[in-house]
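A.B. asks: turn this into a structure:
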Amino acid sequence: MRQGFENDLLMKQSMIDVTYVAQLARLKLTADEMARFQSQLSQILVYVEELGKLNVDGIEPTAHAAPQINIFRSDHEQPSLPVEQALHNAPRKQNDLFIVPKVVE
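C.D. replies: Now for the predicted structure:
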(Lines give C-alpha, C1' and ligand atoms only; values in the text may rest on other atoms or scores of the structure.)
Protein backbone atom coordinates (compact mmCIF):
# COMPACT_ATOMS: atom_id res chain seq x y z
CA MET A 1 0.00 0.00 0.00
CA ARG A 2 1.21 3.52 -0.81
CA GLN A 3 2.64 5.36 2.26
CA GLY A 4 0.69 8.59 1.55
CA PHE A 5 -2.55 6.63 1.23
CA GLU A 6 -1.95 4.96 4.61
CA ASN A 7 -1.39 8.38 6.21
CA ASP A 8 -4.54 9.76 4.56
CA LEU A 9 -6.53 6.79 5.83
CA LEU A 10 -5.08 7.20 9.32
CA MET A 11 -5.90 10.94 9.36
CA LYS A 12 -9.52 10.27 8.28
CA GLN A 13 -9.91 7.62 11.00
CA SER A 14 -8.44 9.88 13.69
CA MET A 15 -10.70 12.77 12.66
CA ILE A 16 -13.72 10.53 13.15
CA ASP A 17 -12.35 9.38 16.50
CA VAL A 18 -11.67 12.94 17.74
CA THR A 19 -15.20 14.02 16.85
CA TYR A 20 -16.69 10.93 18.46
CA VAL A 21 -14.61 11.19 21.64
CA ALA A 22 -15.41 14.90 21.93
CA GLN A 23 -19.12 14.10 21.66
CA LEU A 24 -18.84 11.35 24.28
CA ALA A 25 -17.07 13.75 26.64
CA ARG A 26 -19.56 16.50 25.78
CA LEU A 27 -16.71 18.77 24.70
CA LYS A 28 -17.10 21.60 22.25
CA LEU A 29 -13.78 21.82 20.46
CA THR A 30 -12.64 24.63 18.20
CA ALA A 31 -11.26 23.88 14.76
CA ASP A 32 -7.74 24.51 16.08
CA GLU A 33 -8.27 22.08 18.98
CA MET A 34 -9.71 19.45 16.61
CA ALA A 35 -6.65 19.78 14.35
CA ARG A 36 -4.24 19.57 17.30
CA PHE A 37 -5.98 16.55 18.84
CA GLN A 38 -6.33 14.94 15.42
CA SER A 39 -2.57 15.22 14.92
CA GLN A 40 -1.86 13.87 18.41
CA LEU A 41 -4.25 10.97 17.96
CA SER A 42 -2.65 10.13 14.62
CA GLN A 43 0.76 10.01 16.27
CA ILE A 44 -0.59 7.72 18.99
CA LEU A 45 -2.19 5.40 16.42
CA VAL A 46 1.06 5.22 14.41
CA TYR A 47 2.94 4.33 17.61
CA VAL A 48 0.39 1.67 18.55
CA GLU A 49 0.68 0.25 15.04
CA GLU A 50 4.45 0.03 15.52
CA LEU A 51 3.94 -1.76 18.85
CA GLY A 52 1.67 -4.22 17.08
CA LYS A 53 4.59 -5.27 14.88
CA LEU A 54 6.66 -6.42 17.86
CA ASN A 55 7.21 -10.14 18.35
CA VAL A 56 5.92 -10.90 21.84
CA ASP A 57 5.79 -14.68 21.52
CA GLY A 58 6.78 -16.29 24.79
CA ILE A 59 6.51 -13.08 26.80
CA GLU A 60 4.20 -13.42 29.78
CA PRO A 61 1.60 -10.63 30.14
CA THR A 62 2.10 -8.36 33.15
CA ALA A 63 -0.10 -5.92 35.02
CA HIS A 64 2.83 -3.63 35.93
CA ALA A 65 6.13 -2.80 34.27
CA ALA A 66 7.94 -3.43 37.55
CA PRO A 67 7.19 -6.21 40.03
CA GLN A 68 4.77 -5.10 42.72
CA ILE A 69 4.81 -6.37 46.28
CA ASN A 70 2.72 -5.39 49.27
CA ILE A 71 3.32 -1.65 49.41
CA PHE A 72 1.05 -0.92 52.35
CA ARG A 73 2.36 0.14 55.71
CA SER A 74 1.74 -2.14 58.64
CA ASP A 75 -1.53 -1.52 60.41
CA HIS A 76 -1.07 -0.93 64.10
CA GLU A 77 -2.93 1.00 66.76
CA GLN A 78 -1.67 4.46 67.65
CA PRO A 79 -3.09 7.46 69.47
CA SER A 80 -5.22 9.89 67.48
CA LEU A 81 -4.95 13.68 67.44
CA PRO A 82 -6.34 15.58 70.40
CA VAL A 83 -9.70 17.20 69.55
CA GLU A 84 -8.30 20.71 69.97
CA GLN A 85 -5.49 20.04 67.50
CA ALA A 86 -7.77 18.35 64.96
CA LEU A 87 -10.23 21.28 65.03
CA HIS A 88 -7.55 23.99 65.21
CA ASN A 89 -7.83 25.11 61.54
CA ALA A 90 -11.47 24.15 60.98
CA PRO A 91 -13.39 27.05 59.42
CA ARG A 92 -16.53 26.09 61.38
CA LYS A 93 -16.83 23.94 64.50
CA GLN A 94 -19.31 23.37 67.30
CA ASN A 95 -19.37 21.03 70.30
CA ASP A 96 -16.00 19.50 69.33
CA LEU A 97 -17.32 18.66 65.84
CA PHE A 98 -16.60 19.90 62.32
CA ILE A 99 -19.48 21.85 60.75
CA VAL A 100 -19.71 21.11 57.01
CA PRO A 101 -22.11 22.37 54.34
CA LYS A 102 -25.17 20.27 53.60
CA VAL A 103 -24.71 18.42 50.28
CA VAL A 104 -28.02 16.56 50.01
CA GLU A 105 -31.35 18.33 49.99
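A.B. asks: from now on I want contacts and neighbour counts done on CA atoms only, so please keep to that.
C.D. replies: Fine.
A.B. asks: show me the strands in this structure, by range?
C.D. replies: Ranges of strands in the chain, per DSSP state E, are 93-94, 97-98.
A.B. asks: to residue 58, which of these lies closest?
C.D. replies: strand 97-98 (57.1 Å; Cα to Cα).
A.B. asks: neighbouring strands - and their directions - for that closest one?
C.D. replies: Partners of strand 97-98 in the sheet, by DSSP bridges, are strand 93-94 (antiparallel).
A.B. asks: against residue 21, how distant is residue 35?
C.D. replies: 14 Å (Cα to Cα, to the nearest Å).
A.B. asks: quick one: neighbours of residue 58, just the number.
C.D. replies: 6 (other Cα atoms under 10 Å).
A.B. asks: ok, residue 38 next?
C.D. replies: Neighbours around residue 38, by other Cα under 10 Å: 22.
A.B. asks: from memory it sits against residue 21, does it?
C.D. replies: No - with contacts counted by Cα atoms under 8 Å, residue 38 stays clear of residue 21, the gap being 11.0 Å.
A.B. asks: picking up where we left off before, of the strands of the chain, which is nearest residue 43?
C.D. replies: Comparing those by Cα to Cα, strand 97-98 comes nearest, at 50.2 Å.
A.B. asks: ok, residues contacting the closest one?
C.D. replies: The contact list for strand 97-98 (Cα atoms under 8 Å, 6 or more residues apart in numbering) reads 87, 90, 92.
A.B. asks: same thing but 7 Å
C.D. replies: 90, 92 (Cα atoms under 7 Å, 6 or more residues apart in numbering).
A.B. asks: next: stretch 25-32.
C.D. replies: Outside stretch 25-32, the residues touching it (Cα under 7 Å, 6+ apart) are residue 22.
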